[in-house]
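Novice: Sequence and predicted structure are below.
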Amino acid sequence: MSETEYVPPKVWKWGAENGGPFASTNRPIAGPTHEKELPIGKHPLQLYSLGTPNGVKVTIMLEELLALGHEGAEYDAWIIRIGDGDQFGSGFVDVNPNSKIPALMDHSTNPPTRVFESGAILLYLAEKFGALMPADPADRAECLSWLMWQMGSAPYLGGGFGHFYHYAPVKIEYAIDRFTMETKRQLDVLERRLSENRYMCGDEYTIADIAIWPWYGGLLLNRQYDAAEFVDAESYINGMRWAKKIDARETVKRGRMVNKHRGELHEQLHERHDASDFDTKTADKVAAAE
Ligand SMILES: N[C@@H](CCC(=O)N[C@@H](CS)C(=O)NCC(=O)O)C(=O)O
């Protein structure tokens, strides 16, 4: 395939698989592909997710809330295998019509409340428990600005840079250049902010850090697309300091394990229904018991 030969037709048609790693699940239409109810566990908060950067934002948030003593944040986390098309089951689409993880149902309200989009979930939980978001209006505005910055910016990192640098079946210089430029510009936005602030919104760790860290911290720590060297991660001194500091939190370590389905077996907790699951139900222990 050459990057110059393709002439788009007048009207695009959904044709043969394009060969990329998401070809089997990507579709140009929304809505469910099959009937499937979602399971409901014993806690009010039911999370349907996967251990991707968007998914771990929510599991880190819930583990932070629990560590702060908010018992109402106990949750059941069910795995949604997006590679198998679970996000197109009818029950999941009822919770998120956009068919993407993470999605949350809060059964403590009557009727239950559905929340989709990771930023909306973080905000919902921060407001529900009165935690991890500043109360002062000006500080809150700053925090929400960085939260929304993440929601708008990370698709350039993931869907743009990560896709064309790492996943695309052809390496297109034009696309890689365009998205590397933008990704490095975003990393510099963070670098400048973190050169003057311990965390994204000042001295306190907030939902803005929880949203931004899995994507940008993950890139700097070489957990995304094997691209740390390519983007010269070490040159972002303050970004790296922030990324390592958050990475060291026990809550973050736990949150990263939940719904994780790749990597070391002892770091994968496919489903979480109780705090003790971290000790007894990781994939290595489940495999040993079988
Ligand atoms: N803006 C959404 C993005 C969610 C998203 O892109 N989720 C991906 C996994 S990280 C997904 O579910 N992909 C499945 C698909 O595209 O079919 C959010 O922040 O919640």
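Specialist: Sure thing, it's come through.

Novice: helices or strands next to the lengthiest helix in the chain in the packing?
Specialist: Longest helix in the chain, counting residues (DSSP state H): helix 173-196. If you count contacts as 3 or more C-beta pairs under 8 Å, 6 or more residues apart in numbering; DSSP states H and E, helix 173-196 packs onto helix 137-155, helix 218-220, helix 237-247. For the C-beta atoms, the positions are set from N, CA and C on the backbone; glycine is no exception.

Novice: Pick the most deeply packed of those.
Specialist: helix 218-220 (a mean of 25; mean count of other C-beta atoms under 10 Å).

Novice: who's in contact with the residue of the stretch 151-290 of the chain found nearest the ligand?
Specialist: Relative to the ligand, the nearest point of the stretch 151-290 of the chain is residue 151 (6.1 Å; C-beta to the nearest ligand atom). Listed by C-beta atoms under 8 Å, 6 or more residues apart in numbering, the contact set of residue 151 reads 117, 118, 119, 211.

Novice: Return the closest of those residues with respect to residue 203.
Specialist: When the contacts of residue 151 are compared for distance to residue 203 (C-beta to C-beta), residue 211 wins out at 18.0 Å.

Novice: Name the nearest residue to that closest one, sequence neighbours excluded.
Specialist: The spatially closest residue to residue 211, leaving aside those adjacent along the chain, is residue 150, at 4.3 Å (C-beta to C-beta, 6 or more residues apart in numbering).

Novice: Run through the residues that contact residue 150.
Specialist: With C-beta under 8 Å, 6+ apart, residue 150 has these contacts: 119, 208, 211, 212, 215.

Novice: contacting residues around the third one?
Specialist: When you say that, I think you mean residue 211. Going by C-beta under 8 Å, 6+ apart, residue 211 touches 57, 118, 119, 122, 146, 147, 150, 151.

Novice: Give me the pLDDT for the spatially closest residue to the third one that is not a sequence neighbour.
Specialist: Same thing as residue 119. Spatial nearest neighbour of residue 119, chain neighbours left out: residue 151 (4.4 Å); criterion: C-beta to C-beta, 6+ apart. Looking at residue 151, its pLDDT is 98.

Novice: Which residue ranges of this structure form strands?
Specialist: For the chain, applying DSSP state E gives strands covering 45-49, 75-79, 103-106, 113-116.

Novice: The ligand is nearest to which of those strands?
Specialist: Nearest of the strands of the chain (C-beta to the nearest ligand atom): strand 113-116, 6.7 Å.

Novice: Packing partners of that closest one?
Specialist: helix 90-95, strand 103-106, helix 118-129.

Novice: by how many degrees do the last one and helix 137-155 diverge?
Specialist: So the one you mean is helix 118-129. Inter-element angle recorded for helix 118-129 and helix 137-155: 150 degrees (by axes from the mean of the first three to the mean of the last three C-alpha atoms, to 10 degrees).

Novice: So what touches helix 118-129?
Specialist: If you take C-beta under 8 Å, 6+ apart as the criterion, helix 118-129 is touched by 54-55, 57-58, 61-62, 65, 68, 70, 72-73, 102, 104, 106, 113, 115, 132-133, 144, 147-148, 150-151, 206-207, 210-211.

Novice: The first one too?
Specialist: Outside helix 90-95, the residues within contact range by C-beta under 8 Å, 6+ apart are 30-32, 34-38, 48, 80, 86-87, 99, 103-105, 114, 116.

Novice: near the ligand, from the residues you listed?
Specialist: The subset of the contacts of helix 90-95 within reach of the ligand, by C-beta under 6 Å from any ligand atom, is 87, 99.

Novice: Would you mind checking the contacts of helix 90-95 for buried ones?
Specialist: For the contacts of helix 90-95, a burial check counting by 16 or more other C-beta atoms under 10 Å picks out 32, 38, 48, 80, 86, 87, 99, 103, 104, 105, 116.
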